[in-house]
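A.B. asks: Here is a sequence with its predicted model. Questions after.
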Amino acid sequence: MAQNSFASKIGFILAAAGSAIGLGAIWKFPYVTGTSGGGAFLLMFLAFTLLLGLPLLIGEFIVGRSTQKTALLAFKQLGHGRWTIIGYLGVLACFLLLSFYSVIGGWVLIYIGLGLSGTLSGRSADEFGEVFGNVVSTPEIAVLGQFLFLLITLLIVLRGVEAGIERMSKILMPLLFISFLVLVVRSLTLDGAMEGVRFFLQPDFSALTGESVLFALGQAFFSLSLGVAAMLTYASYIKTKGTLNRSANMIVLLNIAVSLLAGLAIFPAVFASGLDPAEGPALLFVVLPAVFNQVPLGGFFMVLFFLLFAFASITSSIAMLEVVVAGVTDRLNEKKSSWTKKKVTVTAALLVFIVGVPSALSFGLLSDVQIWNGRTFFDTMDYLVSYILMPTGALLTSIFVGYIVDQRVLKDEIETSKPGVKLYPIWHALIRYVIPVTVAIVMVSTWITT
């Protein structure tokens, strides 16, 4: 295996940002916003991201870099063996998350193929809806897409941190931003676009429900890969001292920027096309192709966007698989097992594929199978990870960092610059009091009312 460390600070930031951005900001954020109140949901998401997500991100960075250990060993080193449960929850969450995340990643790969073949050219929004329906409901296509997405993820993880993860992130993340800017400019110039801008930016708090608040909290954690030990694992690969708070600030700002760009690209186009903003998971795959068809060289830009979107998705899937592999490998090394990291990686990817097949079939062959409260297998996995495991992991991590980790370790990791000295008291109060209380209240109140 290649060296398991980042060669540069910018490489770490872009890799971590790639892990955070992926499908969370580009695919999930717009459709959850569309089904949860528009501008009011956006404000809740921003508040949770800045007040809860950012401090927790710094906390995960501290646990990872201070121990140089991954999920299953880091908590044990800083606390007590029983806190290893947080690491196990993180590994489980990443495993389940990747099982259905790879399904959407597969859709993106299929759309690249359709774009290259010319199948997506010259169609109306209604026709794009039919195309998407055929892609997700045809078992062979859905499962093949999922398999190819996981295969690409596997091959990159096998190359290691610096040669695989860091190198890809340095090239692809800047290209994704440029592609999004082109898309936003075109979307905003469509007739009727301003109605979509108002929906996205103008709060209507009457549209919020208790479940919407939980979704905003879950989206803040989902979009930053928090509560699943992904950021902790990446931070364990940092070999030099540096300002963790500055890296965290940059990652959060990049994540918010892409989320806003996604909203400004999609919602103006939704209203200009007369579509429903509450379309759901299909939103991205129906609206954006329709917009690209109205742009000169639209077919080229459509393929380019989905190609970059696929790579952004893969940077997130890399982080999930790396968490599972690194955690299991560390545990096996403790037991002096003969299993190599390569063997663990291949086995983990295969198991993720098998567990993810029912999610891939949830829009066709298994569409009538309900697992939990009327949800399909896909929706059940999404809800379990995004709104139960992630908030629970975040809650336990904040308690661990705020009350269990020695404050000398916390200060040593944060106070590497003068801004960090001023930051520490505020950060420590948020991680110790605000985050645990807020997350617990939102989770409990939602479970009571829904």
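C.D. replies: Alright, I've got the coordinates. Residues are numbered from 1 along each chain as shown.
A.B. asks: Quick one: classify Lys336 as helix, strand or coil.
C.D. replies: Three-state secondary structure (criterion: DSSP: H, G, I helix; E, B strand; the rest coil) places Lys336 in coil.
A.B. asks: residues near it, how many?
C.D. replies: 6 (other CB atoms under 10 Å). C-betas here are computed from N, CA, C, even on glycine.
A.B. asks: now Ser338
C.D. replies: If we define neighbours as other CB under 10 Å, then Ser338 has 6 of them.
A.B. asks: Would you list the phi and psi of it?
C.D. replies: phi -90, psi 0 (degrees, to the nearest 10).
A.B. asks: how much space between Tyr88 and Ile399?
C.D. replies: Note on Tyr88: its distance to Ile399, by CB to CB, to the nearest Å, is 16 Å.
A.B. asks: neighbour-wise, which of those two wins?
C.D. replies: Per other CB under 10 Å, whichever of Tyr88 and Ile399 has more neighbours is Ile399, with 18 against 15.
A.B. asks: which residue packs closest to that one, ignoring adjacent ones?
C.D. replies: The shortest distance from Ile399 to any non-neighbouring residue, by CB to CB, 6 or more residues apart in numbering, is to Pro436 (5.5 Å).
A.B. asks: how near is that neighbour to Leu430?
C.D. replies: In terms of CB to CB, Pro436 sits 10 Å off from Leu430.
A.B. asks: Next: Tyr424.
C.D. replies: 11 Å.
A.B. asks: ok, the two, which is more surrounded?
C.D. replies: Leu430 (21 against 17).
A.B. asks: And for the closest residue to that one other than its chain neighbours, the neighbour number?
C.D. replies: Excluding its sequence neighbours, the residue lying closest to Leu430 (CB to CB, 6+ apart) is Pro55, at 4.3 Å. Neighbours of Pro55 under the rule other CB under 10 Å: 24.
A.B. asks: element containing the residue nearest to Ile399, please.
C.D. replies: helix 435-449 (DSSP states H and E).
A.B. asks: quick one, what contacts the closest residue to Phe363 other than its chain neighbours?
C.D. replies: Distances taken as CB to CB, 6+ apart place Val136 nearest to Phe363, at 3.9 Å, with adjacent residues excluded. By CB atoms under 8 Å, 6 or more residues apart in numbering, the contact list for Val136 reads 107, 142, 282, 363-364.
A.B. asks: Most neighbours of all those, which one?
C.D. replies: Most surrounded of the contacts of Val136: other CB under 10 Å gives Trp107, at 27 neighbours.
A.B. asks: can you dump the C-alpha coordinates of stretch 91-103 into CSV?
C.D. replies: In CSV, the C-alpha atoms belonging to stretch 91-103 read as follows (Å, rounded to 0.1, in the frame of the first residue of the first chain):
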residue,chain,number,x,y,z
VAL,A,91,-17.5,2.4,11.0
LEU,A,92,-21.1,1.0,10.8
ALA,A,93,-22.5,4.3,9.7
CYS,A,94,-19.9,4.6,6.9
PHE,A,95,-20.5,1.0,5.8
LEU,A,96,-24.3,1.5,5.6
LEU,A,97,-24.0,5.0,4.1
LEU,A,98,-21.7,3.8,1.3
SER,A,99,-24.1,0.9,0.6
PHE,A,100,-26.8,3.3,-0.6
TYR,A,101,-24.6,6.2,-1.5
SER,A,102,-23.0,4.0,-4.2
VAL,A,103,-26.4,3.6,-5.7
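A.B. asks: Quick one: residues in contact with that stretch.
C.D. replies: 23, 71-72, 142, 145-146, 149-150, 153, 227-230, 313, 316-317, 319-321, 323-324, 327-328, 348, 351-353, 355-356, 359-360, 378, 381-382, 384-385, 389-390, 393.
A.B. asks: End to end on stretch 130-145, go ahead and measure it.
C.D. replies: 18 Å (CA to CA, to the nearest Å).
A.B. asks: Could you check it and say which residues are buried?
C.D. replies: Across stretch 130-145, burial judged by 16 or more other CB atoms under 10 Å covers 131-132, 135-136, 138, 141-143, 145.
A.B. asks: biggest separation within these, which pair?
C.D. replies: Farthest-apart pair in these is Val131 and Val143; separation 17.9 Å (CB to CB).
A.B. asks: Among the buried residues of stretch 130-145, which ones are in helices?
C.D. replies: Among these, the members found in helices (DSSP state H) are 131-132, 135-136, 141-143, 145.
A.B. asks: Of those, just say which sits nearest to Ile238.
C.D. replies: The closest of these, once distances to Ile238 are taken by CB to CB, is Gly145, at 33.9 Å.
A.B. asks: Reformat the ones in helices among the buried residues of stretch 130-145 as a markdown table; add pLDDT and distance to Leu410.
C.D. replies: A markdown table is the format used below for those (pLDDT from 0 to 100; distance: CB to CB, whole Å):
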| residue | pLDDT | distance to Leu410 |
| --- | --- | --- |
| Val131 | 93 | 51 |
| Phe132 | 93 | 47 |
| Val135 | 95 | 48 |
| Val136 | 95 | 45 |
| Ile141 | 96 | 49 |
| Ala142 | 96 | 45 |
| Val143 | 97 | 46 |
| Gly145 | 97 | 43 |
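A.B. asks: of these, closest to Ile13?
C.D. replies: Gly145 (30.0 Å).
A.B. asks: tell me the contacts of that closest one?
C.D. replies: Here Gly145 is in contact with 103, 105-110, 135, 360 (CB under 8 Å, 6+ apart).
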